[in-house]
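Enquirer: No sequence on hand, only this structure:
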């Protein structure tokens with residue numbers, strides 16, 4: 001089914017091939033969407049496509065792979081084809097991704113960034129969700145401010 005969806009959205013899509021370029025492009029589009037750049041750690045990417053008109057994204061790799069996010073102790077399985085519809089802070093209609101919960105693999109159908117931007121929520125087709133810190137999925141987490149530096153904030157005027 002994923003292959004058919006890819007073919008349906010291929011026309012007008014930006015398509016990249018070759019591992020290095022695909023890895024760069026997948027991280028680039030995740031950052032563009034405001035999602036953590038390590039969310040899709042696919043070691044053998046062969047093709048990445050993004051149809052900006054429909055918001056459809058696909059990633060093809062040589063074989064399915066299991067990845068462990070060490071900081072949260074979660075195993076995630078990525079199929080040979082991963083597809084989703086994307087918009088800022090959200091991937092929905094996701095296919096090809098499962099997370100191991102206790103002894104079973106659970107399908108993930110949606111990934112959403114929390115309004116605060118500090119948590120990322122993974123939802124099943126039944127609507128059940130689990131939140132984790134965004135930093136657990138960042139390849140290059142933001143460095144903490146150096147000692148002596150001050151964070152500058154602006155306050156809205158209440159006239």
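Expert: That came through, no problem. Not measured: the values here are computed from a predicted model.
Enquirer: contacting residues for residue 12?
Expert: 51, 53 (Cβ atoms under 8 Å, 6 or more residues apart in numbering). (Glycine included, C-beta is placed from N, CA and C.)
Enquirer: If we use 10 Å, what do you get?
Expert: Contact analysis of residue 12 by Cβ atoms under 10 Å, 6 or more residues apart in numbering lists 51-54.
Enquirer: got these as a markdown table, with neighbour count columns?
Expert: Shown next, in a markdown table, are the contacts of residue 12 (neighbours: other Cβ atoms under 10 Å):
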| residue | neighbour count |
| --- | --- |
| 51 | 20 |
| 52 | 12 |
| 53 | 9 |
| 54 | 14 |
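Enquirer: just checking, which of those residues belong to strands?
Expert: Judged by DSSP state E, the subset of the contacts of residue 12 located in strands is residue 51.
Enquirer: Spatially, which two of the contacts of residue 12 are the most separated?
Expert: Spanning the widest gap among the contacts of residue 12 are 52 and 54, at 7.9 Å by Cβ to Cβ.
Enquirer: Could you check how far the most centrally placed residue in the chain is from residue 113?
Expert: For the chain, residue 39 is the residue whose C-alpha lies nearest the centre (Cα atoms, centre = their mean; 4.1 Å). From residue 39 across to residue 113, the span is 10 Å (Cβ to Cβ, to the nearest Å).
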